[in-house]
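*Asks:* No letters, just coordinates:
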């Protein structure tokens, strides 16, 4: 057999493997196998939380592999242990700044080269904060591995407790995708991520068992981490019925109150129902949701409604959308424009887009814009920053194709409902600065660039030109100057002045009101310098 060849890892290749082991004699074989199957075992370090009964569990410690690379803490299984999540919390304390963390169960086997391959997969994920997770494949002791397949997690059903239960389906390796695929769910038995995850989203020691995985998935996502299904099968778990009948709940008579309180904690966290027991929500500020994304955004992304207890078909089938960009600029833009929309800053009763977008105030603008569409033979339009389409909607029905894009998910969701009867209208959440836009006869960008910094305006112009569209119709002010701003603020923007220097436009359409020097100007995108 030809030897496997792997590229050398860079200096940041240290891996911390965390294992919570409850009276499990197989853990020693798990550790032995992970070191033997690693290409660079010197860069692998293991942390184990042992939960044992002294004198009864001596068979757990017969084999010792690379003791200098294994850190451990030991607790009495009945007197001290408080369940799996508590044990994972103890494991995290053994992390010493390794570049990657790998959470597994105590009864696993590995493919050769797992250490390098996991890092390669993580780097191929289109996210700055990726997490690889899914159910491991199976094996039968001592080391009979199942056929290699890729498991995809699904949202299966809500249990009587109100907690979401996951499911899965698998595909053969021949059908494995080229890169890891997005998911909204998590398997606690296979989590591979950058090491900083340990500090950014610490494991909640007050959970017990039920709800561990869904609560961690939501916490990670709202903290800005993106979940992906590995596109290779490298880890195997012992699912056999006779594996081990030693469980915390079979040894500990107090497990039921712990479980009930933890379930209340999960349901409170996910907005299903408030906890009745005050102890259920202790330290929830430390182990709660993040602020990068909201719980409502997770539910829309995942197709799961925790309070209603409903699961969308795509979630039940394990089909999840690509993750939104988390590049710092994109995050800042999404937050800025989302805030402007949600607070309805102008207090308008007619439209969230403000007084400059009322039907009466844009009557002449619409007429002149419709005439420009006809004279320039514009039949397909990309509306970059469409908002609620209130002011423009009366004339877009005459186009052959209207494509509305906006960063604000609520606006896009409402447009999909309000304009669903228009079969030439399509809407999508997108960032006009960084997301690729489709080719059209024209790109319309009204009252959006005025809220962006100079660097982001330039990036948007580059993006517009890269679409291959013929015309750009954008807001400009004849001020002759351009003070720079922080994204989310506002200033009058003159696209013909420094630092943009666009050529005089083909056409100007006054977009007046009190701003007499404001217009929608039309440029040939081929002549827009980038």
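*Replies:* That came through, no problem. These numbers come from a predicted model, not from an experiment. Numbers count the residues shown, from 1 in each chain.

*Asks:* partner residues bridging residue 304?
*Replies:* residue 311 (DSSP bridges).

*Asks:* ok, and the closest non-adjacent residue to residue 112?
*Replies:* Among residues not flanking residue 112 along the chain, residue 37 sits closest, at 4.8 Å (Cβ to Cβ, 6 or more residues apart in numbering). The C-beta positions use only the backbone N, C-alpha and C, and glycine is treated the same way.

*Asks:* how close does that neighbour sit to residue 462?
*Replies:* As judged by Cβ to Cβ, to the nearest Å, residue 37 and residue 462 stand 46 Å apart.

*Asks:* Which one's more surrounded, the two?
*Replies:* Shown here are residue 37 and residue 462; by other Cβ atoms under 10 Å, residue 37 has more neighbours (17 against 13).

*Asks:* sorry, back to before: residues in contact with the residue nearest to residue 112?
*Replies:* For residue 37, the contacting residues are 110-114, by Cβ atoms under 8 Å, 6 or more residues apart in numbering.

*Asks:* Make JSON lines out of the residues you listed and add secondary structure, pLDDT and distance to residue 490.
*Replies:* Shown next, in JSON lines, are the contacts of residue 37 (DSSP: H, G, I helix; E, B strand; the rest coil; pLDDT from 0 to 100; distance: Cβ to Cβ, whole Å):
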{"residue": "110", "secondary structure": "strand", "pLDDT": "98", "distance to residue 490": "55"}
{"residue": "111", "secondary structure": "coil", "pLDDT": "98", "distance to residue 490": "55"}
{"residue": "112", "secondary structure": "coil", "pLDDT": "97", "distance to residue 490": "58"}
{"residue": "113", "secondary structure": "coil", "pLDDT": "97", "distance to residue 490": "54"}
{"residue": "114", "secondary structure": "helix", "pLDDT": "98", "distance to residue 490": "52"}
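
*Asks:* and those residues, which are buried?
*Replies:* By neighbour count, with 16 or more other Cβ atoms under 10 Å, the contacts of residue 37 hold 110-111, 113-114 as buried.

*Asks:* Now for the residues you listed: which two are most distant?
*Replies:* Farthest pair in the buried ones among the contacts of residue 37 (Cβ to Cβ) is 110 and 113. Separation: 8.9 Å.

*Asks:* Overlap of the contact sets of those two?
*Replies:* 37-38, 234.

*Asks:* Which elements pack onto the helix-or-strand element of the chain with minimal mean pLDDT?
*Replies:* Across the helices and strands of the chain, the lowest-confidence element by mean pLDDT, DSSP states H and E is helix 328-342, at a mean of 73. Here helix 328-342 touches helix 409-418, going by 3 or more Cβ pairs under 8 Å, 6 or more residues apart in numbering; DSSP states H and E.

*Asks:* Buried residues, the next helix-or-strand element following the helix it packs on. List them.
*Replies:* Tracing the chain past helix 409-418, the next element assigned as helix or strand by DSSP states H and E is strand 425-429. The neighbour-count check on strand 425-429 (16+ other Cβ under 10 Å) flags 425, 427, 429 as buried.

*Asks:* Test my guess that the last one contacts residue 409.
*Replies:* Yes - with contact defined as Cβ atoms under 8 Å, residue 429 counts as touching residue 409 (5.3 Å).
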